[in-house]
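Visitor: how would this look folded up:
(2 chains)
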Amino acid sequence: MKVKLTFWKLVFVVIMLLGLYSAYVRYVHGLGAVSNMTDQFPWGIWIGFDVLCGVMLAAGGFIVTGAVHLLNIERLHSIVRPTVLTAFLGYCLVIVGLCFDLGRPWFIWHQLIYMNPHSVMFEVGFCVMFYTTVLFFEFLPNVLERFNLKTPQRWIRNVMAGLVVAGILLSTLHQSSLGTLYLIMPSKLHPFWYTPALPFFFFGSAIAVGLAMTIFESSLSSKSFGRQLELPVLIELGGALLVVLWVNALLRFEDFFHRGQLGNIFKPSYEAYFLWLELTLAFIIPIALLSFKKIRRSPNGLYLAAVTCLLGFVTNRLNVSVTGFETWVGHHYLPKWTEFMITLAIISAGFALFGLAVKYLPIFPQEEHAVKPALQFETEPVATAVLEHAGD
Amino acid sequence: MSKALLYDSTLCIGCKQCEAACATQNKLPYDDKVAAESVQSEHKYTVVLTKEDKYMRRLCMHCARPACASVCPVGAFHKTAEGPVVYDVWKCIGCRYCMVACPFAQPKYEWQSLNPRVRKCIMCPDRLKAGQQTACAEACPTGATKFGERDDLIKEAQERIRQNPSNYVPHIYGLNEVGGTSVLLLSGVAFDTFGYPKSEKVGETPLPEYTGRILERIPDFVPLWGLVLGGVYWITHRREDVAVAEAVDKAKQDGGTR
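Guide: Purely as a prediction, here's the structure:
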């Protein structure tokens, strides 16, 4: 097999090498050396992006499994497996990210014995732990099918409804609780983002992002793996996304109104710029795009709407975790390049693992059910699949 | 019963004896260089700030209902009955939620360490247990930092303001802030001059109540939401079963009539 060095493959290798160097700095020289986090900014992008956005971007899992298994919307069945894969990888990578961010990651298991039920972080930790387990079992049928293990497959099928219910319960709890984390800082977080409704907004936006991410991931898969695009499914998701975005946007408006912030958001300020960046990307552009039937029914239109929506809510999470604290702290926080590299390497690893899974597991069963050639030349197909993916 | 510190900045002469005593008590390095540092850090739990001829101490406020203790997922912080908010380093996983949550930005981190700890004033709990006062109060030559029963110190602070109203801002900082703290402050200038958050901004509600309101609903929410989800499953799949059963019935009837 020829090893072709494509541009994106090279980018991937470079990112992974720089990520490896950053990991070395992190574990040999400590958090101070690897990051720009300080006593004033104890949480940087590893929390703001890797954890807050990571969990949010993996929300498709509970939404799509819920739609198919609970609401019995059979026509979405074809996207369950790739969505569950995305979610499972997402949560695994959140945990990897935490192992970089925690000052003493080797004591992460203390969560299990020194429990503090008054802590939102404790609740999030437990939910993430249980939900990752649930996702593991939702993902397992892919592996069992690959090795043709019928009996355990039947076991999982029998408990699938229970798994899905547990998954939705746990997701409702921790998606919203990531917002609850910030409720204890009424005096520190900027009033644009501090609201008693934070848990509801975090949950509502997770639903929007789960839908957008599913559209994004299906579009990418169709481009990278030469799969046929399930356009009717995506159109349906796009319609749902439009409704969810409207609900989210109206609630945000209501919240600004009731807290007397409507006047302030139109006054120019550092925070207002970032707020409008968020609102434009998360609501204005995707709602405008999806409101046109023609755009809503075109693959590119859906893709564009999904991507802007994702960027918008990523901006939202970074605003809550970084921008919203800058005035209180009195200076800005910009991540160090090694901090960026860890995050980039984690994202790249996510793409790589997705490509790998698609290559070797029946993630897209209709087209790939023929047994793959054995696991020879492991690295090559990985990198190609991955990088083709990242290339989009 | 609960002990407290009263710091009266109008009595302070900026000698930094409290800083030195704190360093000694906590086995931290203290020299001219550290003395010149005007910020708190992982090696300086308390600092005397200077602005023109005014001084102000900063240290952990030892809240009655501490945010740090409430947010810690492993319960590494707790408020003791005597007053101090103390830290059990062996529990800590290093999530730094305490630092983010503290309204006074008191917990500091050992960013350079490979096994980092959260550092802050812990109000000399061992000395208190032995019936002694805190190291800083003992070292203070003017009585600006005074140790005692919280109730007594509040009375004394009120008395000082009453007797010398022109000397003081008419406010005891820490009396009600975030539900009350075990460090009480008196000052001749506004407290935010020295970086203390404005009283109206931090409010009088103990911070754990903001998250508690949400957390306490979870035990009710989980069974209800679970029931709803299970119900949805039952209904949608029941519909399917009914459709199948009806089709079978119909097929049977068709077969019967033929």
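
Visitor: all contacts plus neighbour counts: C-alpha atoms, from now on.
Guide: OK.

Visitor: B:P103 reaches A:K188, doesn't it?
Guide: Yes: with contact defined as Cα atoms under 8 Å, B:P103 counts as touching A:K188 (7.0 Å).

Visitor: for B:L128, helix, strand, or coil?
Guide: Look at B:L128: counting by DSSP: H, G, I helix; E, B strand; the rest coil, its state is helix.

Visitor: is the helix or strand containing A:L211 anywhere near chain B?
Guide: According to DSSP states H and E, A:L211 maps onto helix A:198-224. No: contact between helix A:198-224 and chain B is absent, the nearest approach being 8.6 Å (criterion: Cα under 8 Å from any Cα of the partner chain).

Visitor: what's that helix packed up against?
Guide: With contacts defined as 3 or more Cα pairs under 8 Å, 6 or more residues apart in numbering or on different chains; DSSP states H and E, the packing partners of helix A:198-224 are helix A:52-57, helix A:60-65, helix A:80-101, helix A:150-180, helix A:231-258, helix A:299-318, helix A:379-391.

Visitor: closest to A:M37 out of those?
Guide: With Cα to Cα, the closest approach to A:M37 among the helices and strands packed on helix A:198-224 belongs to helix A:80-101: 10.3 Å.

Visitor: ok now that closest one, how far from the chain's centre?
Guide: Here helix A:80-101 is found 8 Å from its chain centre; the criterion is Cα atoms, centre = their mean, to the nearest Å.

Visitor: does it reach chain B?
Guide: Yes: with Cα under 8 Å from any Cα as the criterion, chain B is reached by helix A:80-101 at A:D101.

Visitor: quick one, that helix and helix A:198-224 angle?
Guide: On the basis of axes from the mean of the first three to the mean of the last three Cα atoms, to 10 degrees, helix A:80-101 is oriented at 120 degrees to helix A:198-224.

Visitor: now whichever helix or strand comes after helix A:80-101: buried residues?
Guide: Next helix or strand after helix A:80-101 toward the C-terminus (DSSP H and E): helix A:110-113. Of the residues in helix A:110-113, A:110-111 count as buried by neighbour count, 16 or more other Cα atoms under 10 Å in any protein chain shown.

Visitor: and helix A:110-113, C-alpha only, in CSV?
Guide: Extracted in CSV, the C-alpha atoms of helix A:110-113 (Å, rounded to 0.1, in the frame of the first residue of the first chain):
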residue,chain,number,x,y,z
HIS,A,110,-11.5,10.8,44.6
GLN,A,111,-14.8,11.8,43.0
LEU,A,112,-16.0,8.3,43.9
ILE,A,113,-15.1,8.3,47.5
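
Visitor: now do that helix, average pLDDT.
Guide: Mean pLDDT, computed over helix A:110-113, is 93.

Visitor: packing partners for that helix?
Guide: helix A:120-146.

Visitor: remind me what the helix it packs on packs against, helices and strands.
Guide: Using 3+ Cα pairs under 8 Å, 6+ apart, helix A:120-146 is in contact with helix A:80-101, helix A:110-113, helix A:150-180.

Visitor: buried sites along it?
Guide: A:120-128, A:130-144, A:146.

Visitor: who are the contact partners of residue 80?
Guide: Looking at chain A here, since you left the chain open. Each residue near A:V80 by Cα atoms under 8 Å, 6 or more residues apart in numbering or on different chains is listed here: A:61, A:64-65, A:68.

Visitor: actually, chain B is the one I wanted.
Guide: B:V86.

Visitor: one more: the one 5 residues further on?
Guide: Contacts here follow Cα under 8 Å, 6+ apart; on that basis B:V85 touches B:62-63, B:66, B:69, B:77-79, B:122-123.

Visitor: and the residues you listed, which of them are in helices?
Guide: Judged by DSSP state H, the contacts of B:V85 include B:A69 as members of helices.

Visitor: ok, of the contacts of B:V85, which one's closest to chain A?
Guide: When the contacts of B:V85 are ranked by distance to chain A (Cα to the nearest Cα), B:A69 comes first, at 8.4 Å.

Visitor: returning to that earlier point: and the average pLDDT for the helix holding A:L211 is what?
Guide: Mean predicted confidence for helix A:198-224 is 93.

Visitor: now that helix: buried residues?
Guide: Neighbour count says helix A:198-224 has A:198-221, A:223-224 buried, by 16+ other Cα under 10 Å.

Visitor: helix, strand or coil for B:Q112?
Guide: Classified using three-state DSSP, B:Q112 is coil.

Visitor: cool, and B:Y168?
Guide: B:Y168 - assigned by three-state DSSP - is coil.

Visitor: looks like it contacts B:I161 (just checking).
Guide: Yes: shown here, B:Y168 and B:I161 form a contact pair, counting by Cα under 8 Å, at 6.1 Å.

Visitor: quick one, grab the pLDDT at A:K2.
Guide: So, for A:K2, pLDDT stands at 55.

Visitor: who touches B:D254 in this structure?
Guide: For B:D254, the contact set (Cα under 8 Å, 6+ apart) is empty.

Visitor: in the chain, which helix or strand is least confident?
Guide: In the absence of a named chain, this looks at chain A. Every helix and strand of chain A was ranked by mean pLDDT, DSSP states H and E. The lowest is helix A:379-391, at a mean of 42.

Visitor: pLDDT below threshold where in chain A?
Guide: A:1-4, A:365-392 (pLDDT under 70).

Visitor: which ones are touching the residue most central in space within it?
Guide: Centroid check for chain A by Cα atoms, centre = their mean gives A:L57 as the closest residue, at 1.9 Å. Counting by Cα under 8 Å, 6+ apart, A:L57 touches A:87, A:90, A:206, A:209-210, A:213, A:310.

Visitor: how many other residues sit next to the residue lying closest to A:L52 once chain neighbours are set aside?
Guide: Spatial nearest neighbour of A:L52, chain neighbours left out: A:R317 (6.4 Å); criterion: Cα to Cα, 6 or more residues apart in numbering or on different chains. A:R317 has 26 neighbours, counted by other Cα atoms under 10 Å in any protein chain shown.

Visitor: what ranges do the helices span in chain B?
Guide: Remark: helices assigned in chain B by DSSP H are B:17-25, B:32-36, B:67-71, B:97-101, B:125-129, B:135-139, B:150-163, B:199-202, B:208-215, B:218-257.
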